[in-house]
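K.L.:
Turn this into a model:
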Amino acid sequence: MQKRRYCVYNQTRESFLSLGVAVADTTMTRLKGLIGKLSLGLDEGLWIVPSRGVHTIGVLFPIDLIYLDDALKVIHVVESFPTFRVSPLITHATSVLELPTHTIYSSQTQPGDQLLICLGEEMESQLKMATTNLGLSS
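P.N.:
Here you go, the predicted model:
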């Protein structure tokens, strides 16, 4: 059975951060994280739920970190977090996105931004609902 992949969209900046994020939501998947991968593709990532911080011990490449609260609002970002380190512990975070380096820069994501994370097939309807709620639809 193939793992489900999620899309990550920054509603504030109107940009996609990733189209292929896997979820690490069990003790084993959170513990393993990105260990064993040789690289992270441009549209790959890992959403660690729950999490207030991560480590890159055993990870062979730097990553961007985006800390989220329970409403998927960005509360902290770390660009190009190095290998073999323990990240800051952000007490208000409920999850952390691990993404390829330069994702934060290229999407201009910053604290306060609102993200939308859902399965690819749900993204279109979620975006339509969001624009309708903002009064942007015709």
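K.L.:
Looking at the helix or strand harbouring residue 8 now, give me its mean pLDDT.
P.N.:
Element membership for residue 8, per DSSP states H and E: strand 6-10. Average pLDDT, strand 6-10: 96.
K.L.:
Just checking: what are the partner strands of it?
P.N.:
With DSSP bridges as the test, strand 6-10 is paired with strand 15-24 (antiparallel), strand 115-119 (antiparallel).
K.L.:
Pull that strand out as CSV, backbone CA atoms only.
P.N.:
Provided in CSV are the C-alpha atoms of strand 6-10 (Å, rounded to 0.1, in the frame of the first residue of the first chain):
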residue,chain,number,x,y,z
TYR,A,6,-0.3,15.7,1.0
CYS,A,7,-0.1,19.1,-0.7
VAL,A,8,1.0,22.1,1.3
TYR,A,9,-0.3,25.5,0.1
ASN,A,10,0.5,28.9,1.7
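K.L.:
residues in contact with it?
P.N.:
Contacts with strand 6-10, where a contact means C-beta atoms under 8 Å, 6 or more residues apart in numbering, come from 15-23, 45, 47, 97, 99, 107, 109, 113-120, 123, 127. Quick note: C-beta positions are derived from backbone N, CA and C, even for glycine.
K.L.:
Buried members of those into ChimeraX, please.
P.N.:
Entered in ChimeraX, the line below selects the buried ones among the contacts of strand 6-10, by 16 or more other C-beta atoms under 10 Å:
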select :17,18,19,21,22,23,45,47,97,99,107,109,113,115,116,117,118,123,127
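K.L.:
pLDDT at residue 1, what is it?
P.N.:
In this prediction, residue 1 carries a pLDDT score of 41.
K.L.:
Just give me the residue right at the centre of this protein.
P.N.:
Residue closest to the mean C-alpha point of the chain, counted by C-alpha atoms, centre = their mean, is residue 97 at 2.9 Å.
K.L.:
wait, isn't that one in contact with residue 40?
P.N.:
No: using C-beta atoms under 8 Å, residue 97 makes no contact with residue 40, being 11.7 Å away.
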